[in-house]
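>>> What follows is a predicted protein model with its sequence.
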Amino acid sequence: MSDLRPVLIACCLAMWSVGDNSTAIMAALPAMTSSLHLGPAEVEWVVNAYLLTASVFIILGGDAADQFGARYSSTAGIGLFALASLIIAVAPAGLMVVGARALQGLGAAFAVAGTLAAVTEAAPESKRAEAIGTWTGFLMLGFSIGPLVGGVITHYAGWRFIFLLNAIAMVTAGIMLLRHPAVKGRRTKSMDWVGLGALAFFMVTLGYGRWLISARPHGPRLSRLRSQCLLSVH
């Protein structure tokens, strides 16, 4: 339990930051659009660049945890996320924000997979379900209160402070995790690189297609129809 507590605190802090960032930006988008003079396509890719990279590379993040250990993969993801958040906080133009959001998604993919592995490996079997539930709860808490936090910070301090606070929280979590490496050694598993490439191609194509549809006349109506079709498939 002495090993689990600091690891769980660090991982929950990281997941709260990831969840909060994912939804807080929606409240900050109008201010970001005005400050950075973003066009419609840039606004959409500020959101989609993060979602695409996070969705595609979550598999690679899990493989990295297997190959190199949860401690290294999670801290690498946390570090990338913190760096990307800092870049966004000082970004002078929309293109830099889009690129940093893609990097943030990559960091989130490694951080989510790595911290889950770290919590799983640090927890004794009797406490594992409770630890994973706590980890999940903090991630969902971040998702839930993100719009509120983003709106309050944007109103009183400016949208850049959202990402600055994210960077501070992630650096804190990374340092805590490095100081308490209660994880196991390496495990070797083969990676399905063909499957990963196919997933990346599908996600990028879907995102680009959505942008093309929304850019044409009657785009919103077609976008809603496309969403209904996807939901019916699932």
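Right, received. Where do you want to start? Keep in mind it's a predicted model, so treat the numbers as computed, not measured.
>>> Tell me the confidence at residue 61?
Predicted confidence (pLDDT) for residue 61: 87.
>>> Any stretches of this protein with poor pLDDT?
1-2, 181-234 (pLDDT under 70).
>>> same thing but 80
Counting by pLDDT under 80, the chain contains low-confidence ranges at 1-3, 180-234.
>>> top helix in it by residue count?
helix 4-36 (DSSP state H).
>>> Just list what it packs against, helices and strands only.
helix 40-68, helix 70-90, helix 94-122, helix 128-156, helix 160-179 (3 or more Cβ pairs under 8 Å, 6 or more residues apart in numbering; DSSP states H and E). For every residue, glycine as well, the C-beta is placed using N, CA and C.
>>> Mind listing what's buried along the third one?
Yep, that's helix 94-122 we're talking about. For helix 94-122, a neighbour-count test (16 or more other Cβ atoms under 10 Å) marks 94, 97-122 as buried.
>>> Quick test: name the residue nearest the centre of the chain.
Geometric centre of the chain, nearest residue: residue 108, 3.4 Å, by Cα atoms, centre = their mean.
>>> pretty sure that residue contacts residue 81?
Yes: if you go by Cβ atoms under 8 Å, residue 108 and residue 81 touch, sitting 5.8 Å apart.
>>> between the two, what contacts are shared?
Both residue 108 and residue 81 are contacted by 18, 21, under the criterion Cβ atoms under 8 Å, 6 or more residues apart in numbering.
>>> Apart from its neighbours in sequence, what residue is nearest residue 114?
residue 74 (2.8 Å; Cβ to Cβ, 6 or more residues apart in numbering).
>>> Might one say that the one you found is in contact with residue 111?
Yes: applying Cβ under 8 Å, one finds residue 74 in contact with residue 111, separated by 5.9 Å.
>>> what residues are shared contacts of these two?
residue 14.
>>> Go through stretch 160-172 and flag the buried ones.
For stretch 160-172, burial by neighbour count (16+ other Cβ under 10 Å) applies to 160, 162, 163, 164, 165, 166, 167, 169, 170, 171, 172.
>>> Quickly note the distance from the second one to residue 50.
Distance, residue 162 to residue 50, using Cβ to Cβ, to the nearest Å: 13 Å.
>>> Quick check: neighbours shared by these two?
What both residue 162 and residue 50 touch, as defined by Cβ under 8 Å, 6+ apart, is the set residue 25.
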